[in-house]
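Undergrad: sharing a sequence plus its predicted fold:
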Amino acid sequence: MKIATYNTNGINGRLPVLLKWLEEAQPDIVCLQELKAPQDKFPQNALLAAGYNAVWHGQKMWNGVAILSKDLPLQEVRNVLPGDDGDDHSRYIEAIVGRMLVCCLYLPNGNPAPGPKFDYKMAWFKRLKKHAKYLLSEEVPVILAGDYNVIPTEKDAYKPERWTDNALFFPEPRKAYKDLVKQGWIDSIRHIYPDEAIYTFWDYLRNAYGRNAGLRLDHLLLSPQVAPRLVAAGVDTHVRGWEKSSDHAPAWIVLADEEET
DNA sequence: ATGTCCTCTCTTAGAGGA
């Protein structure tokens, strides 16, 4: 089973790219972020025609998250990260897909930092850690995938020294990410590739993709109940080179079937 | 500072966000 996460940077503007990639990659489950579309402008019919059911939480202009499933039944559990009734950003959706709980998240960017946006980022991270801990306590197969807007380590940026004044690389979110993983999650891509420079994002500016001046921002974390099934991981880097591409590329994992473990 | 690209609107240019 292949599970992917992809920040679309506008699902309607990227629809041809998204459909082309779905056709090529054939993922079974997909977490999408930055839909940049209100709830009623989600391209449900185009995705159904491509063979995908979906649950989504849209928002006018910003944010927006969705979970797609090709064959497995999809049941939405919640579309808000618990812990702040006043938070009206569409940044989280969670669904039971087959026998797995799939959580799709779009963590706040946090720039400029320091400032109120950075404070919001860290408050959101705190809520995420609390909810993630609860999910682990359920002792079920959980995948926590999305755009974390965090460069976890120096290895995850082409020139880390250039990111020290950026909220993606501030010590606080890096520590929060580390603490989150330490709860008991497996960072799939780092687990498969402990030392390689692997990127999921390349800025539109300054020919970043052409220079492979990238960042690893999109992560797929696995609970202990599913981690042993991890057999492969990767990034569909070439998709970033397509015309009208998002500034992110799809990141994915492959899980062995349950009976094979 | 700049570069680019998305989506929105008191729209065809500028603002805000990433």
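TA: Nice, thanks for sending it over. Numbers count the residues shown, from 1 in each chain, chains lettered A, B, ... in the order given.
Undergrad: which one's the longest helix in chain A?
TA: Scanning chain A for the helix with the most residues, using DSSP state H, yields helix A:116-137.
Undergrad: next one: the helix or strand following that one to chain centre, how far?
TA: Following helix A:116-137 in sequence order, the next helix or strand is strand A:142-147 (DSSP states H and E). When distances are taken as C-alpha atoms, centre = their mean, to the nearest Å, strand A:142-147 is centred 6 Å away from the chain's centroid.
Undergrad: just to revisit the earlier point, and the longest helix of chain A, what does it pack onto?
TA: On a contact count with 3 or more C-beta pairs under 8 Å, 6 or more residues apart in numbering; DSSP states H and E, helix A:116-137 meets strand A:100-106, strand A:142-147, helix A:171-182. Yep, even glycine has a C-beta here, placed from its N, CA and C like the rest.
Undergrad: DNA strand B: which of these is closest?
TA: strand A:142-147 (8.0 Å; C-beta to the nearest atom of the strand).
Undergrad: and the angle for that closest one with helix A:171-182?
TA: 160 degrees (axes from the mean of the first three to the mean of the last three C-alpha atoms, to 10 degrees).
Undergrad: relative to strand A:142-147, what are the paired strands and their orientations?
TA: Taking DSSP bridges as the criterion, strand A:142-147 forms sheet pairs with strand A:100-106 (parallel), strand A:218-222 (antiparallel).
Undergrad: make CSV out of those and add mean neighbour count, mean pLDDT and distance to DNA strand B.
TA: CSV is the format used below for these (neighbours: other C-beta atoms under 10 Å; pLDDT from 0 to 100; distance: least, C-beta to the nearest atom of the strand, whole Å):
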stretch, mean neighbour count, mean pLDDT, distance to DNA strand B
strand A:100-106, 25, 98, 9
strand A:218-222, 25, 98, 12
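Undergrad: among those, which comes closest to residue A:68?
TA: strand A:100-106 (9.6 Å; C-beta to C-beta).
Undergrad: contact residues of chain A facing DNA strand B?
TA: Residues of chain A lying near DNA strand B by C-beta under 7 Å from any atom of the strand: A:9-10, A:12-14, A:36-38, A:41, A:60-62, A:108-109, A:111, A:117, A:204-206, A:244.
Undergrad: quick one: which of those sit in helices?
TA: Going by DSSP H, the helices hold residue A:117 from the residues of chain A next to DNA strand B.
Undergrad: among the residues of chain A next to DNA strand B, name the buried ones.
TA: Buried members of the residues of chain A next to DNA strand B, scored by 16 or more other C-beta atoms under 10 Å, are A:9, A:14, A:36, A:37, A:108, A:109.
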